[in-house]
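Novice: Sharing a model prediction with you, sequence too.
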Amino acid sequence: MLTVKIYLPIKKHKKIAENVIVSLTSYPARLNKIHLVIRSLLHQKIRAETIILYLGIDSKESDLPNKLLKLKKYGFVIKMNYPDIKPHKKYFFAMQEYPQKDVITVDDDLIYDENLIKDLTECQKNYPGCVCARRVNLITKNNLSQVNKYKDWKWEYTKIIEPSYSLLATGCGGILYPAGILPSETFNIENVKKYCLNTDDIWLKFMELKNGIKVVFTNSKTIHPLTIRHTQESSLMQSNTKNENINDVNIKLMEDFTGLKLSDYV
């Protein structure tokens, strides 16, 4: 967990990743520190065309601190009053509003190193039909060919560096989705709410499988970014993977809903 003081000067750039945007979401309890995340996204060797923060109806203009607002002059955009579909806001609206753009999704509680966009865009050039991720988990199954519980998958797996159906792209590391790669069903908001409201990684994995899309690990040196202090008390990861095993519940729901079995792809 990050405890040191962060100095992230915003670099003057000669190189911009054309047709690439970064999209993220947040909520009021984290807005006071999210400027650190945005600064890390502006402190890149290669910068995206735009960085967009999508906020739901739970956020107000008065929740936005000046240290965040002053970053708008650097190509950072804040969009508000979106339906509260929790972590899905990080990709759901950007992909529909900018259908010709590659979308990089990131989390709102992490400091990203300066190679994030460089690593993801280089990976996308090498594997243009794949989802590129700097952090992946390997889906595993038991001797009965049944998929193991999520907590028993191989987390932060680094041994497969070719595109694979058996890899799950996890949002915290940063993920690049090529423009238009996901099926239209991805944006059915009622089904998002019904089957996977708190587990966007699981929802997106099944949408990828519907379109025959593989995930590729970027083989980056940095897998898990630095976590901003005091941002984890209410994080979804606590309930999704540890306390309530929501990931496992939603995997079963998605298998029933889509007719796809994860075990067939492992």
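Specialist: Right, received. Where do you want to start?

Novice: can we go C-alpha only for contacts and neighbour counts from here?
Specialist: OK.

Novice: residue ranges of the strands in this structure, please?
Specialist: 16-26, 47-56, 76-82, 102-105, 110-111, 131-133, 136-138, 167-169, 175-177, 215-217, 226-227 (DSSP state E).

Novice: And the helices in the stretch 151-266 of the chain, which stretches?
Specialist: Listed in chain order, the helices of the stretch 151-266 of the chain (DSSP state H, counting those that start in this stretch) span 189-195, 200-210, 236-237, 246-258.

Novice: The stretch 1-150 of the chain now?
Specialist: Using DSSP H, counting those that start in this stretch, helices in the stretch 1-150 of the chain cover 34-42, 66-69, 92-97, 116-126.

Novice: residue contacts, Met146?
Specialist: Met isn't right for residue 146; it's Gln. Ser263 (C-alpha atoms under 8 Å, 6 or more residues apart in numbering).

Novice: Disregarding flanking residues, what is the spatial nearest neighbour of Glu185?
Specialist: Among residues not flanking Glu185 along the chain, Met207 sits closest, at 7.5 Å (C-alpha to C-alpha, 6 or more residues apart in numbering).

Novice: Flag the shaky bits of the stretch 151-266 of the chain, pLDDT-wise.
Specialist: For the stretch 151-266 of the chain, the stretches with pLDDT under 70 are 230-244.

Novice: again, only this time at 90
Specialist: 220-226, 228-245 (pLDDT under 90).

Novice: still on that earlier bit, okay, the helices of the stretch 151-266 of the chain, which one's buried deepest?
Specialist: For these, average neighbour numbers computed from mean count of other C-alpha atoms under 10 Å are highest in helix 200-210, which has a mean of 20.

Novice: Residues contacting that helix, please?
Specialist: Identification of contacts with helix 200-210 by C-alpha under 8 Å, 6+ apart yields 87-88, 165, 168-171, 182-183, 185-186, 192, 195-196, 214, 247, 250-251, 254, 258, 260.
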